Each structure stands twice: as structure tokens, then as C-alpha cells.
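Colleague: Here is my input; please provide its structure:
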Amino acid sequence: MNSSSVRIYRRAAAGGRFVSFTVKIKETDLWIAVDPQCYTETLVSATEAAVLKIRRPLERYLASNPHLQSALEPCLVDSCAPPIILEMVRAANKAGVGPMAAVAGTVAEQVGLFLLETAEEVIVENGGDLFLKVNEPVAVGIFAGSSSLSGKLALQIDPGHTPLGICTSSGTVGPSVSFGCADAAVALAPSPPLADAAATALGNRVRGEEDLQEAIAFARQVDGLTGALLIVGDKIAAWGDIDLQRL
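Modeller: The predicted structure is shown next:
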């Protein structure tokens, strides 16, 4: 699947409430929405510089420790590792997956926190993984590939629950590694790195409709996770602090 088809959901994502822009540096491909009064070309340039700064210690550490890039299970790293690596490892270990399962959520969070120094409302999307901080309710649509439910459901997000991470893994859409067949495995947590890692772990557990309840039971046990949503074909399972609405 080419990148344009994977990212097609971005076209309908902004609306009049936000101004949106994209930042793409190497593997990092971000769609960002902010409140209009804070948007400037200077902000775009500053965000690009922030992404480079965020990526630099990650790239250096992975170059010296290449085994982390292919690890599919929890890992241990030295306490002197860069903070971004420690954040990824802690989140991934909680979910029982390798550290790279948390990288997109971690980068989204760090970019989001940078933007909140200027903006009051921020949404950062990184390959289907979201960091949100909003002052008014917002609906987050769910893209689930060829499922009949794709594009028909949304999570209504209470601003009081933000900052929030909403991350999605899929065994049928996109380039991410998944050992399951879920059309969408969505995890919610105040920590986007944890939501990212948990989404991967949930998706790995769903090989068919019969696995939905077992995967939800797993989600309940992940410390720090606040909600989970799974879609396989026309079947859905959900748990936690989720306000699901039809579009």
C-alpha cells in the first residue's frame, strides 16, 4: 500500500476549528493541527527543528544498539540511555512488546508538548498515533481498512481527559508490524507511548473474531491504559473510558 493511501484520512481531519500542516523528516511523518491564532510559518519551521532535535538522540542510540530496532519483546537498557529511549522502553515493557512499538507515540507526544508552549489546542498525528490536548470536545474518526465499520465510528473526546494518547495498530492497513488480523486495535492512555505500545500488543492478540474478548481482558490488565477498542470485520469490542459515536 502506498503512503498516499495510508494517509488519506488526513484530508478530512482539520475543519475550520484548526489550522493544519505537515512535517516530514526521514521516517517521521506528522500531521499537526493547532488553534488558528498561533499558526505562523515560524511555528512550522520551529516544529521542524524540534523534530530534528527529538530524533537526534534516538538515531544515535539505535545506531549503537541496533538490536533494539528488531526486538519484539521487552528489553532492558542502561539507565544512562537518552530519555526518549527510556520512555519507549518503559511503555513497551508494560505492554509486553519491543521498544520500537512505542516510537511513534513517543515522538507525537514530544512534538505535542513542544507545540503547547505556543498553542492552546494541539493534535499531532504520527502514522495513526495521536497526541491530543484540546479545550473543547473533538471527535476522532476510526479508520479500519476494509471493515464495514471503517469511517463510520468516532471517539468523542472530553477535553478534561486530555492530554491524551490515542494510538492504532492494524494487521490489515499500513506498514506497521502486527502479528494479528485486527482491522483496528485502538488504545487510549494519558501516555501516548503506552497507548502506542498497547495498541501493538492488542493487535498481536487478535487472530480472529474469537480473540476479541481475550484481547480486551488483556487491555484491562495494562497499568495506565484507560480504554481499548478492537474491530475485526463487522465485529467490535470495547472497554474503558470510551464514548463511541456514529459518524
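
Colleague: beta partners for the residue nearest the centre of the chain?
Modeller: In the chain, the centroid-proximal residue (C-alpha atoms, centre = their mean) is Asp129; its distance is 1.9 Å. Judged by DSSP bridges, the bridge partners of Asp129 are Asn126, Cys167.

Colleague: contacting residues around it?
Modeller: Residues in contact with Asp129 (C-beta atoms under 8 Å, 6 or more residues apart in numbering) are 104-105, 108, 165-168, 192, 195-196, 199. To be clear about C-beta, it is placed using only N, CA and C from the backbone, and glycine gets the same treatment.

Colleague: Now the residue nearest to Asp223 when sequence neighbours are not counted: phi and psi?
Modeller: Among residues not flanking Asp223 along the chain, Lys94 sits closest, at 6.1 Å (C-beta to C-beta, 6 or more residues apart in numbering). Main-chain torsions, Lys94, degrees, to the nearest 10: phi -60, psi -40.

Colleague: Next step: the contacts of Asp129 restricted to helices.
Modeller: 104-105, 108, 192, 195-196, 199 (DSSP state H).

Colleague: Report the two of these separated the most.
Modeller: Ala108 and Ala199 (12.4 Å; C-beta to C-beta).

Colleague: residue ranges with poor pLDDT in this structure?
Modeller: Under the criterion pLDDT under 70, the flagged ranges of the chain are 1-15, 171-180.

Colleague: Okay, strands next: where are they in it?
Modeller: Assigned by DSSP state E, the strands in the chain fall at 19-25, 28-34, 122-126, 129-133, 138-141, 153-157, 164-169, 184-189, 227-232, 235-240, 244-246.

Colleague: From the contact counts, what lies against the last one?
Modeller: So that's strand 244-246. The contact analysis (3 or more C-beta pairs under 8 Å, 6 or more residues apart in numbering; DSSP states H and E) places strand 244-246 against strand 153-157.

Colleague: Export the strand it packs on to CSV, keeping only CA atoms.
Modeller: C-alpha atoms of strand 153-157 as CSV (Å, rounded to 0.1, in the frame of the first residue of the first chain):
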residue,chain,number,x,y,z
LEU,A,153,-17.4,5.5,14.0
ALA,A,154,-15.7,8.1,16.1
LEU,A,155,-14.4,8.5,19.6
GLN,A,156,-15.8,11.6,21.3
ILE,A,157,-13.0,13.1,23.4
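
Colleague: Sort out which residues of that strand are buried, please.
Modeller: Neighbour counts over strand 153-157 (16 or more other C-beta atoms under 10 Å) mark 153-155, 157 as buried.

Colleague: Dump these into TSV; add distance to Phe18 as well.
Modeller: As requested, the buried residues of strand 153-157 are exported to TSV (distance: C-beta to C-beta, whole Å):
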residue	distance to Phe18
Leu153	21
Ala154	16
Leu155	17
Ile157	14
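
Colleague: Leaving out sequence neighbours, find the closest residue to Gly240.
Modeller: Nearest residue to Gly240 in three dimensions, chain neighbours excluded: Gly227, at 3.1 Å (C-beta to C-beta, 6+ apart).

Colleague: Tell me if I'm right that that neighbour and Trp239 touch.
Modeller: Yes. Under the criterion of C-beta atoms under 8 Å, Gly227 makes contact with Trp239 at 6.6 Å.

Colleague: Look at these two and report which has more neighbours.
Modeller: Gly227 (21 against 18; other C-beta atoms under 10 Å).

Colleague: what's the more buried one in contact with, if anything?
Modeller: Applying C-beta under 8 Å, 6+ apart to Gly227 gives the contacts 187-188, 219, 238-242.

Colleague: Relative to Val140, how far out is it?
Modeller: Per C-beta to C-beta, to the nearest Å, Gly227 is found 12 Å from Val140.
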